[in-house]
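*Asks:* predicted model and sequence below, questions to follow.
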Amino acid sequence: MNKAELVAEIAHHADVSKKDAEECLNAFITCVEKEVSKGKEVTLVGFGTYSMAERKARKGRNPQTGKEINIPKKKVPRFVAGKAFKTLVAKGK
């Protein structure tokens, strides 16, 4: 499912226009990005938690040359599914 399909589903289920559904989805994405980039968590009980994680600096290898390289530490977004979401996925519905 891509963004356009998701917007259409939201519009259908919420009985709103596609334009309104897209504005709501965009607002949700913006809010999550803003909070997570500040290092805060966004928790939707039963669905999951969006957060920031930090990967440690490490050594790696350039796959083309085999030469060892240093990979710097960096911050990455993380999503951990909630219990209800995991259960739903496990049932395959």
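*Replies:* Right, received. Where do you want to start?
*Asks:* can you classify the residue nearest the centre of the chain by secondary structure?
*Replies:* Closest to where the C-alpha atoms of the chain average out (Cα atoms, centre = their mean) is Phe79, at 5.3 Å. Following DSSP: H, G, I helix; E, B strand; the rest coil, we place Phe79 in the strand state.
*Asks:* just to check, it is in contact with Gly48?
*Replies:* Yes. Contact criterion Cβ atoms under 8 Å: Phe79 and Gly48 qualify, at 5.7 Å. Every residue, glycine included, has its C-beta placed from N, CA and C.
*Asks:* relative to His12, how far out is the residue nearest to the centre of the chain?
*Replies:* According to Cβ to Cβ, to the nearest Å, Phe79 and His12 sit 25 Å apart.
*Asks:* then Arg78?
*Replies:* For Arg78 relative to His12 (Cβ to Cβ), the value is 30 Å.
*Asks:* do the same with Thr49
*Replies:* From Thr49 across to His12, the span is 27 Å (Cβ to Cβ).
*Asks:* of the two, who's got more company?
*Replies:* More crowded of Thr49 and His12, by other Cβ atoms under 10 Å: Thr49, with 15 against 11.
*Asks:* could you look up the SS state of that one?
*Replies:* strand.
*Asks:* cool, Asn70 as well?
*Replies:* The three-state assignment at Asn70 reads strand, by three-state DSSP.
*Asks:* mind listing what it touches?
*Replies:* Going by Cβ atoms under 8 Å, 6 or more residues apart in numbering, Asn70 touches 57-60.
*Asks:* what do you get if the cut-off is 7 Å, keeping everything else the same?
*Replies:* By Cβ atoms under 7 Å, 6 or more residues apart in numbering, the residues touching Asn70 are 57, 59.
*Asks:* so where's this structure shaky on pLDDT?
*Replies:* Under the criterion pLDDT under 70, the flagged ranges of the chain are 93.
*Asks:* in it, which helix is the longest?
*Replies:* In the chain, with assignment by DSSP state H, the single longest helix is helix 18-37.
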